[in-house]
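**Student:** Need a 3D model of the following:
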Amino acid sequence: MAEAAAEGEGGRRHALVIGGASAGTIFEWYDFYLYGSLAGFITQHFFSGVNATTGYIFALLAFAAGFAVRPFGALVFGRLGDLWGRKNTFLVTMMLMGLSTFVVGLLPGYGQIGVAAPILLIVMRLVQGLALGGEYGGAATYVAEHAPPGRRGLYTSFIQTTATLGLFLSLMVILAARTALGEDAFGAWGWRIPFLVSIVLLAVSLWIRLRLNESPVFQKMVSEGRASKAPLTESFARWPNLKLVLLALVGLTAGQAVIWYTGQFYALFFLERMLKVDGAQANTLLALALVLGTPFFVVFGWLSDRIGRKPIILLGCLLAVLTYFPLFKTLTVAANPQLAAAAERAPVTVIADPADCAFQFDPIGRQTFASSCDVAKSHLASAGVSYENRPAPAGSLAVVQVGQVAVESFDGRGMSKAEFEAAKKAWQSQIGTVLAAAGYPAKADPAQVDRPLVVGVLFVLMLYVTMVYGPIAAALVEMFPARIRYTSMSLPYHIGNGWFGGFLPPTAFAMVAATGNIYFGLWYPIAIAAVTLAVGLFFVREMRGADIDA
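**Tutor:** Okay, the predicted model is just below:
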């Protein structure tokens with residue numbers, strides 16, 4: 001009887017640990033991913049002073065800025081976590097995250113305060129990134145150090161669900177606001193509501209986290225005098241541990257990161273930006289896939305306690321490398337069959353002098369992109385039309401060929417701004433008529449979207465995410481000693497997810513914009529996942545069941 005009572009008490013304590021750490025982390029991910037889900041509205045309100053292509057890349061880069069500083073947050077808060085304790089550190093990170101998100105909802109736009117608007121937005125993103133850099137390592141370490149032997153993968157897998165659940169929560173709040181307000185009101189001011197709601201979530205998260213006790217492993221380490229006095233030096237200035245950090249980055253987290261962001265963020269971006277699916281419908285379809293896929297984080301975490309972390313993570317990388325192209329092509333057919341049919345029946349080719357074509361990214365908003373090639377490519381990119389490039393003789397005007405119909409572009413250099421805008425509008429109307437005649441839709445027809453097939457493809461992408469992400473926390477915790485664990489595991493995780501993963505959307509979009517091929521951006525995650533597969537297979541040691549008290 002006493003043993004049963006003790007076991008029940010232990011179960012409740014573990015449930016509180018997992019629930020408390022997970023609930024707080026869900027809300028932090030909610031805060032962080034609001035920006036990515038609302039990138040189109042962010043572009044309109046904060047980056048309206050530059051051309052459309054540059055503005056969208058800027059918005060994605062501002063999204064990525066939060067990821068860029070995550071490794072620095074990992075260093076700062078990882079050190080504090082190894083010196084000061086796991087619980088105290090992630091209370092601080094939560095406060096920073098919640099308050100900076102709330103402020104984004106209050107910021108005036110470019111039309112009100114000019115260039116100060118995007119600067120303030122990026123500052124808030126940097127604060128969010130620093131905070132999140134210290135959050136994940138603390139939550140994963142905290143749960144793993146409470147888990148009984150043989151169940152570490154299962155327990156930490158609940159932490160792994162939080163990123164997806166945070167994304168799901170952000171999509172649901174956005175969808176509710178869009179539905180209640182309508183698209184016009186939501187675009188004008190309603191997009192701020194999900195940011196402002198975060199102050200309520202912050203209060204709930206803090207209440208939950210304050211009820212938790214410090215990790216027993218950390219308490220024992222401190223009582224025995226084994227705590228590190230210089231965790232940064234021990235983690236990164238001594239080769240045996242630095243080698244583990246590098247292997248964790250290249251052989252585990254880099255591939256995991258690009259698969260995570262491809263399966264969730266890039267898939268949403270691809271649906272909305274490339275396939276022109278209505279935003280609310282795209283959010284709904286992705287949310288359904290997230291609901292179906294999320295339990296598999298726990299399934300693969302549990303399975304990793306039995307067969308190891310490495311086989312499951314590397315299998316996810318292999319499947320991604322082999323199937324991303326056919327999956328995204330299937331997604332095109334399912335989400336916008338008119339676009340897929342038109343591209344097959346009347347492929348588009350831009351025939352232009354290569355010297356006439358610029359890379360359409362203008363950081364200061366001063367360049368017009370008025371050459372005949374730039375006029376053509378800019379419009380096709382904004383219309384979501386995939387095209388091939390063919391060189392033309394030097395000095396000739398660019399020609400857009402749609403099937404058998406050729407439309408000559410125009411050179412706007414030397415025109416006044418008014419003349420150029422008028423000529424561009426006329427040309428866009430002409431090419432729009434030709435594209436429409438060839439069957440290219442301005443937007444995906446909601447009635448023709450094959451919803452089951454779209455959700456099915458998104459679910460498969462989500463399944464890959466759960467394979468690589470479900471076991472990763474346990475794998476990283478087991479690689480490093482307790483005295484420097486928070487610091488050591490946080491850096492490779494956040495370089496992988498912050499840099500390799502966070503820069504995936506702007507990098508892939510820039511690759512698409514440069515080539516005209518809507519699938520070309522997939523080479524980025526495929527290449528990174530392939531490197532992780534090779535390095536992980538030959539150089540990363542399986543650590544399942546390692547003693548984490550040492």
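**Student:** so who does the residue nearest the centre of the chain touch?
**Tutor:** With distances taken as Cα atoms, centre = their mean, Y261 lies nearest the centre of the chain, 4.1 Å away. Listed by Cβ atoms under 8 Å, 6 or more residues apart in numbering, the contact partners of Y261 are G501, G502, L504, P505, P525. Glycine gets a C-beta too; all of them are placed from N, C-alpha and C.
**Student:** burial of V407, as a residue count?
**Tutor:** Neighbours of V407 under the rule other Cβ atoms under 10 Å: 16.
**Student:** oh, I was asking about I208
**Tutor:** By other Cβ under 10 Å, neighbour count at I208 equals 18.
**Student:** right, and it touches I18 too?
**Tutor:** No: assessed by Cβ atoms under 8 Å, I208 is found out of contact with I18, at 11.5 Å.
**Student:** about what we covered before: and the residue nearest to the centre of the chain, how far is that from V465?
**Tutor:** 9 Å (Cβ to Cβ, to the nearest Å).
**Student:** where's the one helix or strand L167 maps to relative to the chain centroid, distance-wise?
**Tutor:** Secondary structure from DSSP states H and E places L167 in helix 152-181. Centroid separation for helix 152-181 versus its chain: 13 Å, with Cα atoms, centre = their mean, to the nearest Å.
**Student:** What average pLDDT does it get?
**Tutor:** For helix 152-181, the mean per-residue pLDDT is 86.
**Student:** For it, enumerate the helices and strands it packs against.
**Tutor:** helix 2-37, helix 116-144, helix 193-210, helix 279-293, helix 295-307, helix 451-469, helix 472-479 (3 or more Cβ pairs under 8 Å, 6 or more residues apart in numbering; DSSP states H and E).
**Student:** And Q401, which helix or strand is it part of?
**Tutor:** Element membership for Q401, per DSSP H and E: strand 399-402.
**Student:** I'd like the average pLDDT over that strand.
**Tutor:** 96.
**Student:** hmm, who's touching that strand?
**Tutor:** Here strand 399-402 has contacts from 346, 348-352, 376, 380, 387, 392, 406-409, 431, 434-435, 438, 440, using Cβ under 8 Å, 6+ apart.
**Student:** make it 7 Å
**Tutor:** 346, 348-351, 376, 406-409, 431, 434-435, 438 (Cβ atoms under 7 Å, 6 or more residues apart in numbering).
**Student:** Pull out the buried positions in stretch 150-170.
**Tutor:** Neighbour-count burial for stretch 150-170, with 16 or more other Cβ atoms under 10 Å as criterion, is recorded at 152-170.
**Student:** so how far is it off the chain centroid?
**Tutor:** 16 Å.
**Student:** Ok, stretch 535-545 next?
**Tutor:** Stretch 535-545 sits 26 Å away from the centroid of its parent chain (Cα atoms, centre = their mean).
**Student:** tell me which residues in it are buried?
**Tutor:** Judged by neighbour count (16+ other Cβ under 10 Å), stretch 535-545 contains these buried residues: V535, G536, V540, M543, R544.
**Student:** Could you report the neighbour count for D305?
**Tutor:** Neighbour tally, D305, other Cβ under 10 Å: 21.
**Student:** Low-confidence stretches in this protein?
**Tutor:** 1-13, 23-24, 28, 32, 36, 48-57, 60, 85, 360-368, 550 (pLDDT under 70).
**Student:** One more pass at 50, please.
**Tutor:** Scanning the chain for pLDDT under 50 picks out the ranges 1-8, 362-365.
**Student:** one step back: pull out the buried members of the contacts of strand 399-402.
**Tutor:** A346, V348, T349, V350, I351, A376, V407, S409, I431, V434, L435, A438.
**Student:** My read is that F27 contacts W207, right?
**Tutor:** No: applying Cβ atoms under 7 Å as the test, F27 and W207 come out as separate, 11.2 Å apart.
**Student:** need the contact list for T164.
**Tutor:** Contacts of T164 (Cβ under 7 Å, 6+ apart): Q264, L290, T294.
**Student:** Looking at those, which one is closest to T179?
**Tutor:** Set against T179, the nearest of the contacts of T164 by Cβ to Cβ is L290 (18.1 Å).
**Student:** what's near enough to touch the closest one?
**Tutor:** When contacts are taken as Cβ under 7 Å, 6+ apart, L290 is in contact with T164, L167, F168, M462.
**Student:** again, but for P393
**Tutor:** So P393 contacts D353 (Cβ under 7 Å, 6+ apart).
**Student:** measure it to D353 for me?
**Tutor:** Separation of P393 from D353 (Cβ to Cβ): 7 Å.
**Student:** How about K424?
**Tutor:** 19 Å.
**Student:** next one: V104
**Tutor:** Going from V104 to D353 by Cβ to Cβ gives 44 Å.
**Student:** Between these two, which has more neighbouring residues?
**Tutor:** V104 (24 against 17).
**Student:** can I assume the more buried one is in contact with M124?
**Tutor:** Yes: here V104 reaches M124: they are 5.1 Å apart, a contact under Cβ under 7 Å.
**Student:** Could you export the buried ones among the contacts of strand 399-402 as a markdown table, including distance to Q338 and secondary structure?
**Tutor:** Shown next, in a markdown table, are these (distance: Cβ to Cβ, whole Å; DSSP: H, G, I helix; E, B strand; the rest coil):
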| residue | distance to Q338 | secondary structure |
| --- | --- | --- |
| A346 | 12 | coil |
| V348 | 14 | strand |
| T349 | 20 | strand |
| V350 | 21 | strand |
| I351 | 25 | strand |
| A376 | 22 | helix |
| V407 | 20 | strand |
| S409 | 25 | coil |
| I431 | 17 | helix |
| V434 | 15 | helix |
| L435 | 11 | helix |
| A438 | 10 | coil |
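**Student:** Kindly indicate which of the residues you listed lies nearest P148.
**Tutor:** Nearest to P148 out of the buried ones among the contacts of strand 399-402 is V348 (Cβ to Cβ; 59.3 Å).
**Student:** Once you drop chain neighbours, what's closest to that closest one?
**Tutor:** Y387 (4.0 Å; Cβ to Cβ, 6 or more residues apart in numbering).
**Student:** I'd say that neighbour and A381 touch.
**Tutor:** No: assessed by Cβ under 7 Å, Y387 is found out of contact with A381, at 8.9 Å.
**Student:** For T284, grab the count of nearby residues.
**Tutor:** Going by other Cβ under 10 Å, the residues that sit close to T284 add up to 17.
**Student:** The nearest residue to it once chain neighbours are set aside: what's it in contact with?
**Tutor:** Closest residue in space to T284, ignoring its immediate chain neighbours: L175 at 6.5 Å, by Cβ to Cβ, 6+ apart. The contact partners of L175, by Cβ under 7 Å, 6+ apart, come to A280, N283, T284.
**Student:** With D549 instead?
**Tutor:** D549 neighbours (Cβ under 7 Å, 6+ apart): V217, A482.
**Student:** ok so it is a strand residue?
**Tutor:** No: in this structure, D549 is coil, not part of a strand, as judged by DSSP: H, G, I helix; E, B strand; the rest coil.
**Student:** What separation do you get for it and Q219?
**Tutor:** Distance, D549 to Q219, by Cβ to Cβ: 11 Å.
**Student:** name the element the closest residue to L61 other than its chain neighbours belongs to?
**Tutor:** Of all residues not flanking L61 in the chain, P506 sits nearest, at 5.1 Å (Cβ to Cβ, 6+ apart). Applying DSSP H and E as the criterion places P506 in helix 504-515.
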